[in-house]
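# Sequence plus predicted model, see below.
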Amino acid sequence: MSGFTLAANAEMLFVDLPLTERVCRLHEAGFEVEIWDWTTKNLDALAATGARFGSMTGYVSGSLVDADGAAQLLRTAEDSLAAAEVIDCPRLNVHGTGLDPQGLPVVAHPVVTGADWLAAARTLERLAALGEARGRVFTLENLNTALDHPGVPFARAEDTLALVAAVDSPHLRLNLDLYHAQIGEGNLVELCARALPYIGEVQVADVPGRCEPGTGEIHYPRIATALTEIGYEGVIAMEAFAADDPEVALERFRDAFTVCSR
């Protein structure tokens with residue numbers, strides 16, 4: 001059997017139910033729960049569900065690059081840390097820049113300079129220090145710019161890995177999203193092995209469609225075996241829509257990442 005902790009995103013499953021009911025469904029099914037923008041949530045009500053929360057968005061606005069954007073990101077990261085304490089959420093997720101409700105950058109930054117890389121590393125060092133002071137971990141997520149998030153800087157897994165490795169803090173890790181990596185880069189088994197020392201969690205959805213494992217082209221049982229072989233024992237989170245029935249989607253996800261003898 002694998003040593004993975006399985007999590008699921010409450011924003012994308014059981015979408016006809018109120019959020020607290022979605023959280024309860026996932027908790028009762030044995031999954032850690034992930035959410036996005038905490039500012040739209042009743043955190044006390046979520047805490048009262050008794051669910052184990054694994055990840056939430058770790059900033060409200062800002063970016064890694066320009067001075068004003070970095071100041072916004074760090075300021076709202078402090079607010080996010082306070083929110084994380086309410087639901088005891090260990091990981092807070094960030095991106096290269098703030099995203100609007102459609103996933104597009106609030107301020108597009110498609111061309112990244114050497115000065116931008118240095119500024120981003122400095123901002124992430126300060127972010128890691130905030131996480132260390134509060135006993136939380138910030139995760140930097142890779143995205144795809146070809147389909148879902150055009151114009152986001154530092155979007156590739158190669159970019160996020162380079163930045164996290166440069167900061168080299170246990171309070172800044174990768175949120176390695178394999179859905180985005182498949183669209184943008186591919187070669188997922190090798191990517192997982194290379195990123196292993198810096199992974200804070202792995203997120204999954206299938207391509208195309210961003211639905212549960214087994215609905216697209218990625219052979220997730222092979223990914224699960226590869227992660228087991230390289231010694232990964234952390235969180236695997238399904239950040240995916242249900243192709244049909246959410247209960248079926250969760251079972252497909254669980255089956256894909258239950259590693260016995262494949």
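The structure has been received and is ready for your questions. Numbering: from 1, shown residues only.
# Leaving aside the residues adjacent along the chain, what's closest to Leu196?
Nearest residue to Leu196, sequence neighbours excluded (Cβ to Cβ, 6 or more residues apart in numbering): Ile230, at 5.4 Å. Backbone N, C-alpha and C define where each C-beta goes, glycine included.
# OK, contacts around that neighbour?
Contact partners of Ile230, counting by Cβ atoms under 8 Å, 6 or more residues apart in numbering, are Cys192, Ala193, Leu196.
# Quick check: phi and psi on it?
phi -90, psi 0 (degrees, to the nearest 10).
# same check, this time on the one 10 residues further on
Note on Ala240: backbone dihedrals following degrees, to the nearest 10 are phi -150, psi 150.
# which ones are touching the closest residue to it other than its chain neighbours?
Spatial nearest neighbour of Ala240, chain neighbours left out: Ala205 (3.4 Å); criterion: Cβ to Cβ, 6+ apart. The neighbours of Ala205, taking Cβ under 8 Å, 6+ apart as the test, are Leu178, Tyr179, Cys211, Glu212, Pro213, Met238, Glu239, Ala240, Phe241.
# and Ala205, how far is that from Phe253?
Plainly put, Ala205 is 9 Å away from Phe253 if you go by Cβ to Cβ, to the nearest Å.
# shared neighbours, these two?
Contacts common to Ala205 and Phe253, judged by Cβ under 8 Å, 6+ apart, are Glu212, Pro213, Met238, Ala240.
# how much space is there between Val65 and Asp244?
41 Å.
# For this structure, which segments count as helices?
19-28, 43-48, 67-87, 114-134, 157-167, 178-184, 188-195, 220-229, 246-256 (DSSP state H).
# Mind checking these for the one nearest to Ser61?
Nearest to Ser61 among those is helix 67-87 (4.9 Å), distances taken as Cβ to Cβ.
# Mind listing residues that contact that closest one?
Contact with helix 67-87 is made by 38-39, 43-44, 46-47, 53, 56-64, 90, 92, 94, 97-98, 107, 119, 122-123, 126-127, 130-131, 134, 136, 138, as judged by Cβ under 8 Å, 6+ apart.
# Over to stretch 247-262?
Contacts of stretch 247-262 (Cβ under 8 Å, 6+ apart): 1-2, 4, 6, 8, 13, 26, 29, 31, 204, 211-215, 220-222, 224-225, 228, 236, 238, 240-243.
# Of these, grab the buried ones for PyMOL.
Restricted to buried positions by 16 or more other Cβ atoms under 10 Å, the PyMOL selection for the contacts of stretch 247-262 reads:
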select buried, resi 2+4+6+8+13+26+31+204+211+212+213+214+215+220+221+224+225+228+236+238+240+241+242+243
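# Report the beta-bridge partners for the residue lying closest to Arg91 once chain neighbours are set aside.
Of all residues not flanking Arg91 in the chain, Ser55 sits nearest, at 4.4 Å (Cβ to Cβ, 6+ apart). Counting by DSSP bridges, Ser55 is bridged to Glu34, Arg91.
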